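Asker: just the structure for this:
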Amino acid sequence: MSTKFAQGLWRLADPKISLASAAGMLLGASSAAAAGPIAVGWLLLTVLGIFAIEVAKNASGEVFDWDSGTDLRVRKEDRTPFSGGKRVLVDALLTRHQAWGIAIGGYLLGAMAGLVIVGWREPTVAWFGLAGMAFAFFYHAPPFRLSYRGLGELAVAVSYGPLVTTGTYLVQRGGVPTSILFLSLPLGVLIAAFLWINELPDYSADALSGKRTLVVRLGRAGAAEGFAWLGIAAAAILALLPAAGLPPSVWLGGVAAFRFVPAAHILMASPEDTPRLVPAQAMALQAFLLYAVGASAGMLLGR
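Answerer: Take a look at the predicted model:
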């Protein structure tokens, strides 16, 4: 394996880029643990399948964003550790052929893990797996190109919140109470907010490439305000969760506000200043992780 290929593969598979999936799996597994014993082997297979699809999504997305010119148009001063793509093709770490090979391998590995779960554990997981792979591939790919049509943020909210959380729970418990779906909604909103703030530095490149994200449609100032409203929506849903039958201890997820609120302040003060946004991007990432950890602890404490 060449050094460049290894570096490119690492950029696509770096564990920190799978934190959104990890947050959903943590919340789903913790909720399942609050209801009964965990089947560790099936949990590990779930993690493997979701992680493989994550890597595949990153790889196929790189090709489609390369072909559209989006990644090529991101200015050096607008690149951050959280935005601008993985740049494995831009930096010539991988060829298109290699990127497609990683994508196909990842999708196949994810599908194989899903089929094992479907065949020997829980058949209804098939629908979750199909939906997850469809969202992952068509986030960038035609004919849907969700991220290019202003639907990417919704796809991310649904995928990393309800889909991953309830899918993980389903593998363990064989069914999903409506309350677990509600529990996953604030997480989905906060992860969509993380994507949202990461789209600010890519604003010009996306607009020039015809990538009509919601940030491009709203403009930087409008998007900064929209980010704050996403935080308010997540907090409102969290406040109502005990009414859905969940223990009040899930309010521990509210610890996310300690990172989300300062991120919103920074973004609204400097929506066009990429260097100033980097700390806010990190805070938005920490916010959804804190929600997952806090709400998971709340579920376990409230059992």
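
Asker: name the helices or strands packed onto the lowest-mean-pLDDT helix or strand in the chain?
Answerer: Across the helices and strands of the chain, mean confidence by mean pLDDT, DSSP states H and E is lowest for helix 70-73: a mean of 85. If you count contacts as 3 or more Cβ pairs under 8 Å, 6 or more residues apart in numbering; DSSP states H and E, helix 70-73 packs onto helix 40-68, helix 203-208. The C-beta positions use only the backbone N, C-alpha and C, and glycine is treated the same way.

Asker: out of these, which is closest to residue 279?
Answerer: Taking Cβ to Cβ, helix 203-208 is the member of the helices and strands packed on helix 70-73 nearest to residue 279, at 18.3 Å.

Asker: what comes up buried for that closest one?
Answerer: Across helix 203-208, burial judged by 16 or more other Cβ atoms under 10 Å covers 203, 205, 206, 207.

Asker: for the first one, which residues are in contact?
Answerer: Read it as residue 203. By Cβ atoms under 8 Å, 6 or more residues apart in numbering, the contact list for residue 203 reads 215, 216, 220, 223.

Asker: which helices and strands does whichever strand or helix holds the first one pack with?
Answerer: Assigned by DSSP states H and E, residue 215 belongs to helix 214-240. With contacts defined as 3+ Cβ pairs under 8 Å, 6+ apart, the secondary structure elements packing on helix 214-240 are helix 178-199, helix 203-208, helix 257-269, helix 274-301.

Asker: give the other helices and strands that the third one contacts.
Answerer: Judged by 3+ Cβ pairs under 8 Å, 6+ apart, helix 257-269 is in contact with helix 178-199, helix 214-240, helix 274-301.

Asker: isn't residue 159 right up against residue 136?
Answerer: Yes - between residue 159 and residue 136 a contact is recorded at 7.4 Å, counting by Cβ atoms under 8 Å.

Asker: on that earlier part again, among the helices and strands packed on helix 257-269, which is the most enclosed?
Answerer: Most buried of these, by mean neighbour count (mean count of other Cβ atoms under 10 Å): helix 178-199, with a mean of 25.

Asker: save the helices and strands packed on helix 70-73 as a markdown table, and put in distance to residue 33 and mean pLDDT too.
Answerer: Shown next, in a markdown table, are these (distance: least, Cβ to Cβ, whole Å; pLDDT from 0 to 100):
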| stretch | distance to residue 33 | mean pLDDT |
| --- | --- | --- |
| helix 40-68 | 10 | 95 |
| helix 203-208 | 40 | 92 |
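
Asker: follow-up on the earlier one: to residue 129, which of the helices and strands packed on helix 257-269 lies closest?
Answerer: Short answer: helix 178-199, nearest of those by Cβ to Cβ, at 16.8 Å.

Asker: and that closest one with helix 214-240, angle?
Answerer: 150 degrees (axes from the mean of the first three to the mean of the last three Cα atoms, to 10 degrees).

Asker: okay, now residue 75: neighbour count?
Answerer: Number of residues near residue 75 (other Cβ atoms under 10 Å) recorded here: 12.

Asker: endpoints of stretch 10-27, how far apart?
Answerer: Start-to-end span of stretch 10-27 (Cα to Cα, to the nearest Å) is 26 Å.

Asker: how close does residue 224 get to residue 79?
Answerer: Applying Cβ to Cβ, to the nearest Å, the value for residue 224 to residue 79 is 20 Å.

Asker: just to revisit the earlier point, from the contacts of residue 203, which is closest to residue 75?
Answerer: Nearest to residue 75 among the contacts of residue 203: residue 220, at 14.8 Å, using Cβ to Cβ.

Asker: pull the contacting residues for the closest one.
Answerer: 200, 203, 271, 272.

Asker: quick one: which of those residues is the most crowded by neighbours?
Answerer: residue 200 (25 neighbours).

Asker: related to what we said a few turns ago, pull the residues that contact the least confident helix or strand of the chain.
Answerer: 62, 65-66, 84-85, 87, 89-90, 202, 204-206, 208-209, 211.

Asker: flag every buried residue along the following helix or strand past that helix.
Answerer: Per DSSP H and E, the first helix or strand lying C-terminal to helix 70-73 is helix 96-120. Residues of helix 96-120 classed as buried by neighbour count (16+ other Cβ under 10 Å): 98-99, 102-103, 106-107, 109-111, 113-114, 117-118.

Asker: which among the contacts of helix 70-73 end up buried?
Answerer: Buried subset of these (neighbour count, 16+ other Cβ under 10 Å): 62, 65-66, 84-85, 87, 89-90, 202, 205-206, 209, 211.

Asker: looking at those residues, which is nearest residue 282?
Answerer: Closest approach to residue 282 among the buried ones among the contacts of helix 70-73 (Cβ to Cβ): residue 84, at 15.1 Å.
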